[in-house]
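Enquirer: Need coordinates for the following:
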Amino acid sequence: MNQARSSLPQLFKGIALFTPKGDLIYCIDPNKQKRWHLHLCVALQEILGLAEPPHFLVPCYTATIDRWLDPQTQQVRVFAEAYPPVLRHQALLNALFETKHLVWQPVPITNGLCEPVVLAMHRRQFPQLWESHELIVRFDQNFSRWDNAVPRRSPDLDETTPPPERTAQGYVLRLFVSGHSAATERTLQTLHELLENSLHHPYTLKVIDILKHPEQAETDQVSATPTLVRVWPRPVRRIVGELNNVNRILQVLGASET
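Expert: As a prediction, the model looks like this:
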């Protein structure tokens, strides 16, 4: 059997973004200059006709690979890691990134990410992501083109027009709660709807149960729940108590500063 000639550069960084049902969009960056997760979310929005980019997929549904040159041995090294929900796709990842039978390293999920109650809310907003479209999409780094979505049965990718460029500005938020009760679920639902409807920037929301992780509450100086903490951008800001006042929350987040 003749070995196929590689179509990939010798050195590159690769990022793969999956949907909960297993559809995939990925990119290969030979310059290894930046992270492309938000751009992949925007492209996925365009392909599946979503109301907005599904930023919640980052990081739990991602995998990354780095092929780099060891300066001492001048040998090409490969480091690949994936979050637990997508480790089952290792064979597909190895085929796309031409890494044969490489074993991908698992990335521990940070406490509070990928909570079932949070994913359930996203499922109601993005039902398409829980439907299988049998898609593999290669995103072109130069934004001069990007590849059509194709069934997994086909290795051939066609080039077409790029999606519109979007801002990569974003927020990192932490919500501290006490246990998973009906009140907690209502708080999450209210906050999610508020952020989706009023915060016009990408965001990552980490939910932390202080009963399970009191050390995190101490680190963030949280003494009451619910508490919403804006970790990024700096400086750190917080709001304690009611999370249904849109103006107050946007003011704390800095999204409506005067």
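
Enquirer: need the longest helix for the protein.
Expert: helix 182-198 (DSSP state H).

Enquirer: who does whatever helix or strand comes next after that helix pair up with?
Expert: Going down the chain from helix 182-198, the next helix or strand is strand 203-209, by DSSP states H and E. Note on strand 203-209: by DSSP bridges, its sheet partners are strand 171-177 (parallel).

Enquirer: buried ones in the partner strand?
Expert: Residues of strand 171-177 classed as buried: 171, 173, 174, 175, 176, 177 (neighbour count, 16 or more other CB atoms under 10 Å). All C-beta spots, glycine's among them, are computed from the backbone N, C-alpha and C.

Enquirer: now swap in stretch 230-245 and tell me
Expert: So stretch 230-245, judged by 16+ other CB under 10 Å, has buried residues 230, 239, 243.

Enquirer: Likewise for stretch 195-203?
Expert: Neighbour-count burial for stretch 195-203 flags 195, 199, 202, 203 (criterion: 16+ other CB under 10 Å).

Enquirer: Next: stretch 100-107.
Expert: In stretch 100-107, the ones that count as buried by 16+ other CB under 10 Å are 104, 107.

Enquirer: pLDDT on it, on average?
Expert: Taken as a whole, stretch 100-107 carries a mean pLDDT of 92.

Enquirer: Can you report how many residues lie near residue 183?
Expert: By other CB atoms under 10 Å, 13 other residues sit near residue 183.

Enquirer: how close does it sit to residue 190?
Expert: According to CB to CB, to the nearest Å, residue 183 and residue 190 sit 11 Å apart.
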